[in-house]
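A.B. asks: Model the following, please.
(one chain, ligands or ions: 2)
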Amino acid sequence: QAPAKGTPAHIKAAVGKVNAAFMQSNATQTADWPSYGLDYAETRHSKLNQISTDNVKDLGLVWSYNLESRRGVESTPVVVDGIMYVTASWSIVHAVDVRTGKRIWTYDPKVPREAGYKGCCDVVNRGVALHEGKVFVAAYDGRLIALDAATGKEVWAQDTIIDRKFSYTITGAPRVFKGNVIIGNGGAEYGVRGYITAYDAKTGAQKWRWFTVPGDPSKPFEDESMERAAKTWDHAGKWWEAGGGGTAWDAMAFDPELNLMYIGTGNGSPWQRDKRSPAGGDNLYLASIVALNPDTGKYVWHYQETPGDNWDYTSTQPMILADLTLDGKPRKVILHAPKNGFFFVIDRTNGQFISAKNFVDVNWATGYDQNGRPIETAIARTGDRPREIIPSAFGARNWHSMSFNPATGLVYMPVQGVPLTLMDNKDWKFNAERPGEPHSNMGWNTANFANVEPPTSKPFGRLVAWDPVKQQAAWTKEQISPWNGGTLTTAGNLVFQGTADGRFIAYNATTGEQLWEAPTGTGVIAAPSTYLVDGKQYVSIAVGWGGVYGLAQRATDRTGPGTVYTFAVGGNAQPPAHVAYQLGKLVEGVKYDPAHVPAGTALYVSNCVFCHGVPGVDRGGNIPNLGYMDTSFIENLDKFVFKGPATARGMPDFTGKLSNDDVQKIKAFIQGTADAIRPKK
Ligand SMILES: O=C(O)c1cc(C(=O)O)c2c(n1)C(=O)C(=O)c1cc(C(=O)O)[nH]c1-2
Ligand SMILES: [Ca+2]
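C.D. replies: Ligands and ions are numbered 1, 2, ... in the order given. As a prediction, this is how the structure comes out:
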């Protein structure tokens, strides 16, 4: 007799069957959603069609589940036979029974809140992997943890970080390929050396590790790929001191037939190439797609999308494996649209460049030549004055997933423009005494604050349906803000996406016509999933505003808690009531010495601006904008900066890093900026 649904015995059986054979058979039916990107190819294309263009208008809420989090939610819910696993901020895992919408268990890895500032981009997590009865989560502080799927109890945990002096973090979802749990890390804004590691899913034993950039060349190279890569860096730049970067913090995919796994690598650390490799060079394997042998971690091939990266143009954005007919011939390709604004089609058997076309206006390159090298513009690298480079470091796309529908032949991708000015940081030196010290290690200054030349382009968000064969858009939808959620496409000829302004929307996949929407009570950044439970199709989305753009910006005054919404045709549950949130008024009356403003500006830019934004200019996302605080708060700023109450929520303690004098100067900058932008009476 089958165990009752939702009991530990049922959960064990359901999640126990998720193995390599299951992943492959599910790929042809997609009855479940067993992995971050749905399948090994990361298509996010479901073959379910109960919900279709005809009846999507009758989609209604079945239940909502409170994730009890107030920071970014980037997780795609994975679901097997009605058991859902989804993560919230601070890497907390929730197991939810889809049949009831009720909690089965939660697991909190207890990430130290003071470690929050070690990451660039919010204390987020993109989700879990499942394999043979276990749930794998990578915690923000760098631990990879295996849980019993039925109970949420820890089975094993591994520290994936090679050197805790440096600011390594993990935000990405692990994947399981051939019985190995695979995970990279983040940190390239602060000076780290990127790598990716495989662990035995059963025992947690380390199987292999591949570094993405070479280490100190006076020491033996780990493998031949590192030796070759070291020839593309100028040794005078001593890149290895700051780590070089190249972090593999998000994208992975796997082709079982070719026995190749693919990763996307990140930006250079520091950002500006002449600071780490003064004579130039491609600086392999930054900003590349790399194919590895999943059994050994051995390098097989690479294609570098941004040679000599200079702008935080990571190639970590999600990739999709697809089979296309190009010039009459079937081709096994990788579809990829990274931060740098170009859509790439790459031969996944050998890494050969097929085509690249810009999907937004860009000013760093005019295109790619037939060898797959970008043709850079004259302004791309010269840093003599503050200059807007397009796309900015926020990327024309970021980690927000795209999906590929073989029926329409279209890729559905969230696209954006977030204008940013860059300025050469002439005095940049790697801070060897305090490696991993935030933002000062970027190389460039992002110069968007009040008294520097502002960018001239306008921010935008856009949903683009891209034809990868013609390399052109089939349709586009303008959105009200950048930083919208990832997409899902289905055999019901639908595209689902959540938006920064707090809606969950369904479109006709062929035409882009909007067919349905529901409010979400907060901005959406994550991607939805769809699956069958007891023969019925559901769609779920985890919402919660945040991520790097959400730290200091928002598109709606609705800032409800992290929540999972599950919809089905005929659903009629009531949504939870959410609190509205108002902008305050500009801070007034804090006494300061105007002579302190320039020094305060520099201190604010290297210590505060990333999370708190520009006082009174940015709107304040999940983290308050200091230009809108009460007078007494700014007057007492030292009480928050040194061992303050917000350290429990992830605010760094600046004891020993800033002096009292520095805090006076920062106050001068905050009040000075508020005074400067206050409308004149
Ligand atoms: O260089 C890195 O190691 C690294 C890591 C991460 C991350 O782990 O989230 C991001 C970025 N870079 C990055 O450049 C970026 O724009 C970004 C956005 C986000 C996010 O979750 O919203 N993470 C990251
Ligand atoms: Ca980065």
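
A.B. asks: residues contacting the single nearest residue of the stretch 151-300 of the chain relative to ligand 1?
C.D. replies: Closest residue of the stretch 151-300 of the chain to ligand 1, C-beta to the nearest ligand atom: Gly186 (2.6 Å). C-beta coordinates here come from the backbone N, C-alpha and C atoms, glycine included. Applying C-beta atoms under 8 Å, 6 or more residues apart in numbering, we find Gly186 in contact with Gly119, Cys120, Cys121, Tyr168, Thr169, Ile170, Thr171, Gly172, Thr247, Trp249, Gly266.

A.B. asks: Likewise for Asn55?
C.D. replies: Val569.

A.B. asks: and it, what are its phi and psi?
C.D. replies: Asn55 adopts backbone torsions of phi -110, psi 0, taken as degrees, to the nearest 10.

A.B. asks: Closest one of the contacts of Gly186 to ligand 2?
C.D. replies: Gly266 (5.3 Å; C-beta to the ion).

A.B. asks: pretty sure the closest one contacts Thr247?
C.D. replies: Yes - the criterion here is C-beta atoms under 8 Å, and Gly266 meets it with Thr247 at 4.1 Å.

A.B. asks: Overlap in contacts, these two.
C.D. replies: Applying C-beta under 8 Å, 6+ apart, one finds that Gly266 and Thr247 are jointly contacted by Gly186, Ala188, Gly194, Thr212, Thr314, Thr316.

A.B. asks: mind listing what the closest residue in space to the second one that isn't next to it in sequence touches?
C.D. replies: Closest residue to Ala188 apart from its sequence neighbours, by C-beta to C-beta, 6 or more residues apart in numbering: Gly245 at 3.7 Å. Applying C-beta under 8 Å, 6+ apart, we find Gly245 in contact with Ala188, Gly191, Val192, Arg193, Gly194, Val213, Gly266, Asn267, Gly268, Ser269, Pro270, Leu286.

A.B. asks: Reformat these into TSV and put secondary structure next to each item.
C.D. replies: Converted to TSV, the contacts of Gly245 look like this (DSSP: H, G, I helix; E, B strand; the rest coil):
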residue	secondary structure
Ala188	coil
Gly191	coil
Val192	coil
Arg193	strand
Gly194	coil
Val213	coil
Gly266	coil
Asn267	coil
Gly268	strand
Ser269	strand
Pro270	coil
Leu286	coil
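
A.B. asks: Which ones among the residues you listed also lie next to ligand 1?
C.D. replies: Ala188, Gly266, Asn267 (C-beta under 6 Å from any ligand atom).

A.B. asks: Run through these and flag the ones next to ligand 2.
C.D. replies: Ala188, Asn267 (C-beta under 5 Å from the ion).

A.B. asks: Give me the lowest-pLDDT entry from the ones next to ligand 1 among the contacts of Gly245.
C.D. replies: Lowest in pLDDT among the ones next to ligand 1 among the contacts of Gly245 is Ala188, which has 92.

A.B. asks: from what I can see that one touches Ala242, true?
C.D. replies: No - Ala188 is beyond contact range of Ala242, at 9.5 Å (criterion: C-beta under 8 Å).

A.B. asks: give the contact list for Ile92.
C.D. replies: Contacts of Ile92 (C-beta under 8 Å, 6+ apart): Leu67, Ser69, Thr106, Tyr107, Asp108, Pro109, Asn125.

A.B. asks: thinking again about what came up before, now the residue lying closest to the residue of the stretch 151-300 of the chain closest to ligand 1 once chain neighbours are set aside: which helix or strand?
C.D. replies: Leaving aside its chain neighbours, Gly186 sits nearest to Trp249 (3.8 Å; criterion: C-beta to C-beta, 6+ apart). For Trp249, there is no enclosing helix or strand under DSSP states H and E.

A.B. asks: ok, Trp249 - contacts?
C.D. replies: Shown in contact with Trp249 (C-beta under 8 Å, 6+ apart): Ile170, Thr171, Gly172, Gly184, Asn185, Gly186, Ala188, Gly266, Thr314, Thr316.

A.B. asks: Tell me if I'm right that the second one and Tyr140 touch.
C.D. replies: Yes - with the criterion set as C-beta under 8 Å, Thr171 and Tyr140 qualify as a contacting pair; they are 6.8 Å apart.

A.B. asks: Now list whatever residues contact both of the two.
C.D. replies: Gly119, Val124, Asn125.

A.B. asks: need those residues in a markdown table with distance to ligand 1, pLDDT and secondary structure, can you?
C.D. replies: Output for the shared contacts of Thr171 and Tyr140, formatted as a markdown table (distance: C-beta to the nearest ligand atom, whole Å; pLDDT from 0 to 100; DSSP: H, G, I helix; E, B strand; the rest coil):
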| residue | distance to ligand 1 | pLDDT | secondary structure |
| --- | --- | --- | --- |
| Gly119 | 6 | 88 | coil |
| Val124 | 5 | 97 | coil |
| Asn125 | 9 | 98 | coil |
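
A.B. asks: can you pull the pLDDT of whichever residue of the stretch 551-681 of the chain sits closest to ligand 2?
C.D. replies: Closest residue of the stretch 551-681 of the chain to ligand 2, C-beta to the ion: Phe610 (11.8 Å). If you check Phe610, the pLDDT there is 83.

A.B. asks: ok, Ser315 - how many residues close by?
C.D. replies: By the measure other C-beta atoms under 10 Å, the count of residues near Ser315 is 31.

A.B. asks: oh, I was asking about Ile162
C.D. replies: 16.

A.B. asks: Assign it to helix, strand or coil.
C.D. replies: Of the three states, Ile162 takes coil under three-state DSSP.
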